[in-house]
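J.: I would like the atomic coordinates for the input below:
(chains A, B and C)
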Amino acid sequence: MLNDKKIAPVFALVDGNSFYASCEKAFRPDLRDRAVVVLSNNDGCVVARSAEAKLLGIPMGAPLFQIQKDIRQHGIVVFSSNYELYADMSARMMAAIASLTPRIEVYSIDECFADLTGMADRQALGTLIRRRVHQWARIPTCVGIGHSKVQAKLANHIAKKNKDWNGVCNLVDMPDAQRDALLAEIPAGSIWGIGRKLSAHLQTMGIRTALQLRDADKGTIRKRFGVVVERICRELAGHSCLALSDVSEPNQQIIRSRSFGQLVTDKMALQAAVSTHVCSAVAVLREQGTLASVINVFIDTNRFREQDVQYHGSKSAALAHPSSDTLQFNQLAMQLLDDIYQPGYLYKKAGVMLAGIETGTRLQADLFAQHDTPERDKLMQTLDALNTRYGRGTVQLATAMQNEDWRMCREKLSPCYTTRTEDLLTI
DNA sequence: TCTGGGGTCCTAGGACCC
DNA sequence: TCTGGGGTCCTAGGACCC
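T.: Modelled structure (predicted):
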């Protein structure tokens, strides 16, 4: 039953503009008006572009080698991705937003939903959030405000597209006619949750804009697209279906994988890569207080090299008992790698996936669990403590260190200004 | 020469159970 | 000849997100 007394929920979506590029600019005032791009791991593709770089027409996802000419011609400044820096900047940004709102849900590294339900003067609050994030983290943001998450996302999109909004678009305190006019301008494919496939499908039904989707017949939408799209329709109309969740649930799967800096044939290099990924994935298990029972190991050739014979090896196995012990998982992973490794291929990527994840820090007492002894637990705790205190990778497995051929190349890496004393900015 | 990484949710279909 | 009706769990695959 709809309760008239109940206050309608209000969400804000705060999103960092060109987040990675803005993080790089934050410590380089000399780059303020320069075009900056940030590359994916291995300096492969463009994953972030400053406003200036967007204006130059650098597309998202472009491989570096395809835009070398533009880089030289326009003097675009290029950075390798520095996730250590971005993660820390993200934490600062979220802290600033949390200091002004009762509850936030961190949705990704560069955006969060905030609960504005019942708060007065939302427009001014949006402006205040932008100002504080800039003050604390030097990150420019846009704020979208709506009665649902989808509306807040959409408002954010509008604020980003048009400077006239001064970074804050508030769909809640706005005349219906104005809101409808805005929705009529937005292509359905720009709505959160409507991707390429769905937007093509919607188009065949004559639904091209956010307004048309909002007003589409719910029954028809439900029948043809399922509950997901029906929910988006309702959210567009301002009926909140997706709640704010400010407690983070543990992951259901943990994946660690990397492309190699060069092609690899040597099994030792694959072992080193897989071992490194096992360490990092299992450390996440312990960090979030969970155990896993299943591990998958996979290795891939380079699918872009059509002249090479392609191979994808993948195999899973389960431990007898759920665990968060690095050594156990590593042993099993090495066996799986033995099974899938085929000599003669040119490998480009390796990874591991943990699944069957459940809550519980310590194992239940089990007569047959030989490995998860209190001593082994202590060892893992010590490992985590050392790596936290002295930096990731301070203590590694020997299998992870036997070969370096697979390491990423990150030629344009910036300093970790905020997390390493040796990288502190000097003026 | 050179092309990222890590997630979530939903659905359909099969196995199995009572 | 005639052969129910639910339910759960698991998995693979699709679609989407940043």
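J.: name every strand pairing with the helix or strand harbouring A:Lys349 and say which way it goes.
T.: Element membership of A:Lys349 [criterion: DSSP states H and E] is strand A:347-355. As defined by DSSP bridges, the strand partners of strand A:347-355 come to strand A:254-264 (antiparallel), strand A:290-301 (antiparallel).
J.: and the contacts of it?
T.: A:252-260, A:263-265, A:269-270, A:273-274, A:277-278, A:281-282, A:285, A:292-303, A:316, A:329, A:333, A:406 (C-beta atoms under 8 Å, 6 or more residues apart in numbering). Yep, even glycine has a C-beta here, placed from its N, CA and C like the rest.
J.: how far is the next helix or strand after that strand from where the chain is centred?
T.: Counting by DSSP H and E, the next helix or strand C-terminal to strand A:347-355 is strand A:358-359. Distance of strand A:358-359 from the chain centroid (C-alpha atoms, centre = their mean, to the nearest Å) equals 22 Å.
J.: hmm, strand A:358-359 touching DNA strand B?
T.: No - Strand A:358-359 stays clear of DNA strand B (C-beta under 7 Å from any atom of the strand), getting no nearer than 13.1 Å.
J.: ok but A:Ile145 is inside a strand, no?
T.: Yes - when classified by DSSP: H, G, I helix; E, B strand; the rest coil, A:Ile145 is found to be part of a strand.
J.: report how many residues lie close to it.
T.: 27 (other C-beta atoms under 10 Å).
J.: distance check, the closest residue to it other than its chain neighbours against A:Met334.
T.: Of all residues not flanking A:Ile145 in the chain, A:Asn170 sits nearest, at 4.2 Å (C-beta to C-beta, 6 or more residues apart in numbering). Separation of A:Asn170 from A:Met334 (C-beta to C-beta, to the nearest Å): 56 Å.
J.: what's the helix or strand for the residue lying closest to A:Gly57 once chain neighbours are set aside?
T.: Excluding the flanking residues, the one nearest A:Gly57 by C-beta to C-beta, 6+ apart is A:Asp70, at 7.8 Å. For A:Asp70, the host element (DSSP H and E) is helix A:68-74.
J.: in that helix, what counts as buried?
T.: A:Asp70, A:Ile71, A:His74 (16 or more other C-beta atoms under 10 Å).
J.: close to DNA strand C, is the strand holding A:Lys349?
T.: No - applying C-beta under 7 Å from any atom of the strand, one finds strand A:347-355 separated from DNA strand C by no less than 8.0 Å.
J.: check whether that strand comes near DNA strand B.
T.: Yes - Strand A:347-355 is in contact with DNA strand B by C-beta under 7 Å from any atom of the strand, via A:Lys348, A:Lys349, A:Gly351.
J.: let's see that strand as CSV, backbone CA atoms only.
T.: The C-alpha coordinates for strand A:347-355 follow below in CSV (Å, rounded to 0.1, in the frame of the first residue of the first chain):
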residue,chain,number,x,y,z
TYR,A,347,50.5,-16.7,-24.3
LYS,A,348,49.3,-13.2,-23.6
LYS,A,349,47.2,-13.5,-20.5
ALA,A,350,46.7,-15.5,-17.4
GLY,A,351,44.3,-15.3,-14.5
VAL,A,352,42.5,-16.9,-11.6
MET,A,353,38.9,-16.8,-10.4
LEU,A,354,37.7,-17.7,-6.9
ALA,A,355,34.1,-18.9,-6.4
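J.: show me how far it is from its chain's centre.
T.: 18 Å.
J.: around DNA strand B, pick out the residues from the stretch 201-350 of chain A.
T.: Counting by C-beta under 7 Å from any atom of the strand, the stretch 201-350 of chain A sits next to DNA strand B at A:226-228, A:251-259, A:263, A:284, A:302, A:304-305, A:348-349.
J.: make a PyMOL selection of the buried ones in these.
T.: In PyMOL, a selection of the buried entries from these looks like this (16+ other C-beta under 10 Å):
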select buried, chain A and resi 251+254+256+257+258+259+284+302+348+349
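J.: setting aside sequence neighbours, what's the nearest residue to A:Gly16?
T.: Nearest non-adjacent residue to A:Gly16 (C-beta to C-beta, 6+ apart): A:Asp110, at 4.0 Å.
J.: confirm for me that the one you found is in contact with A:Ser18.
T.: No - taking contacts as C-beta atoms under 8 Å, A:Asp110 lies outside contact range of A:Ser18: 9.0 Å.
J.: for DNA strand B, what are the nearby residues on the stretch 1-150 of chain A?
T.: A:Ser40, A:Asn41, A:Asn42, A:Gly44, A:Cys45, A:Val47, A:Gly61, A:Pro63, A:Leu64, A:Phe65.
J.: and these, which of them are in strands?
T.: Of the positions in those, A:Val47 sit in strands, assigned by DSSP state E.
J.: now the residues of the stretch 1-150 of chain A next to DNA strand B: which count as buried?
T.: For these, buried by 16+ other C-beta under 10 Å: A:Ser40, A:Asn41, A:Asn42, A:Gly44, A:Cys45, A:Val47, A:Leu64.
J.: which among those gets closest to DNA strand C?
T.: Of all these, DNA strand C sits closest to A:Val47, with 9.1 Å by C-beta to the nearest atom of the strand.
J.: residues in contact with the closest one?
T.: When the contact criterion is C-beta under 8 Å, 6+ apart, the partners of A:Val47 are A:Tyr20, A:Val38, A:Leu39, A:Ser40, A:Met60, A:Gly61, A:Ser81.
J.: for ChimeraX, what selects the buried ones among the residues you listed?
T.: Applying 16+ other C-beta under 10 Å to those, the buried members can be selected in ChimeraX as follows:
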select /A:20,38,39,40,81
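J.: quick one: low-confidence ranges for chain A?
T.: Residues of chain A meeting the criterion pLDDT under 70: A:1-5, A:361-372.
J.: ok, and the closest non-adjacent residue to A:Asp88?
T.: A:Asp88's closest residue in space is A:Thr418 (C-beta to C-beta, 6+ apart), at 4.6 Å.
J.: my read: that neighbour touches A:Leu85, true?
T.: Yes - in this structure A:Thr418 lies within contact range of A:Leu85 using C-beta under 8 Å: 6.6 Å.
J.: tell me which of these two has more neighbours.
T.: Neighbours of A:Thr418 and A:Leu85, each counted by other C-beta under 10 Å, are more numerous for A:Leu85; the result is 24 against 19.
J.: how about the helix or strand containing that one: buried residues?
T.: For A:Leu85, the host element (DSSP H and E) is helix A:83-98. Neighbour counts over helix A:83-98 (16+ other C-beta under 10 Å) mark A:Glu84, A:Leu85, A:Tyr86, A:Asp88, A:Met89, A:Ser90, A:Arg92, A:Met93, A:Met94, A:Ala96, A:Ile97 as buried.
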